[in-house]
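1. any chance you can model this:
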Amino acid sequence: MDHLILRVATKLLFAPIILFALYVQFHGDYGPGGGFQAGVIFAVAFILHAFVYGLDETKKVLPQRALVWAMVIGVLFYAGTGVWTMLLGANLLGYDAIVPESTHHAGQHYGILLVEWGVGVTVASTMLTIFYQFTGREPDIDQEDW
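-> You can find the predicted model right below:
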């Protein structure tokens with residue numbers, strides 16, 4: 001695409017969108033938001049990039065193989081946090097077991113951050129994988145055949 005204004009605007013908006021996704025991610029345990037919303041916002045930055053620069057350029061920046069690894073790592077963080085709390089003798093996702101000597105429930109804070117980070121990474125990579133698959137597929141019939 002040769003539209004200079006769109007290319008510059010995308011470059012200017014990309015970093016603030018990522019920054020907002022990180023804000024939602026790390027403040028999701030204090031207010032509305034969290035991993036799911038942050039993951040979708042993060043994916044939107046790359047979808048905007050693909051709309052303006054093309055899918056092939058976006059796949060150079062964030063290849064499909066990296067997204068597959070991110071999905072696996074995100075799920076492992078979520079599930080691993082639950083297994084970790086069970087190994088510490090608590091229920092699944094019983095976060096207080098992470099820091100048992102804390103009087104201010106620090107384990108709750110750490111556990112929620114780990115789980116929400118896992119959800120955010122999984123959602124962002126899954127959304128981008130779905131986007132890559134839909135936009136990269138060839139049409140079944142030609143436009144003239146409609």
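2. can you classify residue 118 as helix, strand or coil?
-> Put simply, residue 118 is helix when judged by DSSP: H, G, I helix; E, B strand; the rest coil.
3. against residue 25, how distant is residue 93?
-> 18 Å (C-beta to C-beta, to the nearest Å). C-beta coordinates here come from the backbone N, C-alpha and C atoms, glycine included.
4. more neighbours: these two, which one.
-> residue 25 (25 against 18; other C-beta atoms under 10 Å).
5. so where does the more buried one fall, helix or strand?
-> Following DSSP states H and E, one finds residue 25 within helix 4-26.
6. likewise for residue 102?
-> When the helices and strands are read off by DSSP H and E, none of them contains residue 102.
7. so how far is residue 49 from it?
-> 42 Å.
8. again with residue 41
-> If you measure residue 41 against residue 49 using C-beta to C-beta, the figure is 14 Å.
9. and the helix or strand of the chain with the lowest mean pLDDT with helix 4-26, angle?
-> Ranked by mean pLDDT, DSSP states H and E, the weakest helix or strand in the chain is helix 106-136, scoring a mean of 92. Here the directions of helix 106-136 and helix 4-26 differ by 150 degrees (axes from the mean of the first three to the mean of the last three C-alpha atoms, to 10 degrees).
10. helix 106-136 - contacts with which helices or strands?
-> helix 4-26, helix 35-53, helix 55-61, helix 64-87 (3 or more C-beta pairs under 8 Å, 6 or more residues apart in numbering; DSSP states H and E).
11. low-confidence regions, this protein specifically.
-> Where the chain drops to pLDDT under 70, the residues are 1, 29-33, 143, 146.
12. which one of the helices and strands packed on helix 106-136 is the most hemmed in?
-> Among the helices and strands packed on helix 106-136, helix 35-53 has the highest mean neighbour count (mean count of other C-beta atoms under 10 Å), at a mean of 21.
13. identify each buried residue in stretch 84-101, please.
-> Using 16 or more other C-beta atoms under 10 Å as the test for burial, stretch 84-101 gives 84, 85, 90, 93, 94, 95, 96, 97, 98, 99.
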